[in-house]
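Q: Give me the fold of what follows.
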Amino acid sequence: MKTVVLTAIACVALLSTPIRLSAQAPAERPISEEALLKLKHKALEQTRTVSIPPETKSALRLKENAGKTTCKQLVAGDANKKYYFIVPTDMNSDDVFLSTQEANGDVHMFMTNSNLDLINSLVGAKGKNLAPLPNPRFAQDEFNTVLQLWAQVAAGL
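A: Prediction:
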């Protein structure tokens, strides 16, 4: 009798739990479209340019690997961890690159777009080339955490 009651309770708990199907609306993004645009404009206002080298572009699986991509960036963080918000200067590009760098030099880079889809993710130790993660979805939580940080920065702009 005890097993039947526990099974019934478990079934009621499962039935009362909302199930999110992939056909439903996606979960709320950690940053708004307005905040993302504000950050992109602020980055493009910067005078200093940086570039994404061909090796990194290749690891990101970008279609055009030849040459460097010129970008502008915003930097946040402290001595322990730096956060980079990188925007290509090519106005036809919808790409945004988010990167973190630990004090020991380890780097994690995320490639996204204005829809905030995690397109690709790279990791690399200090002095080593960046390598793509086999499945970028494994980095989704860290990606969302980085987006939350940039949402806070955008709120202060």
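Q: can you pull out the strands in the protein?
A: For the chain, the strands defined by DSSP state E cover 50-52, 69-77, 81-88, 96-102, 107-112, 120-124, 131-132.
Q: Next, format these as CSV and append distance to residue 38, mean neighbour count and mean pLDDT.
A: All C-beta spots, glycine's among them, are computed from the backbone N, C-alpha and C. CSV is the format used below for the strands of the chain (distance: least, Cβ to Cβ, whole Å; neighbours: other Cβ atoms under 10 Å; pLDDT from 0 to 100):
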stretch, distance to residue 38, mean neighbour count, mean pLDDT
strand 50-52, 20, 17, 91
strand 69-77, 11, 17, 95
strand 81-88, 11, 19, 96
strand 96-102, 13, 20, 95
strand 107-112, 16, 22, 94
strand 120-124, 24, 19, 93
strand 131-132, 29, 14, 90
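Q: I'd guessed residue 132 sits against residue 57; true?
A: No - Residue 132 is not in contact with residue 57 according to Cβ atoms under 8 Å; the separation is 11.5 Å.
Q: Can you pull out the low-pLDDT segments for this structure?
A: For the chain, residues meeting the criterion pLDDT under 70 lie at 1-27, 63-66.
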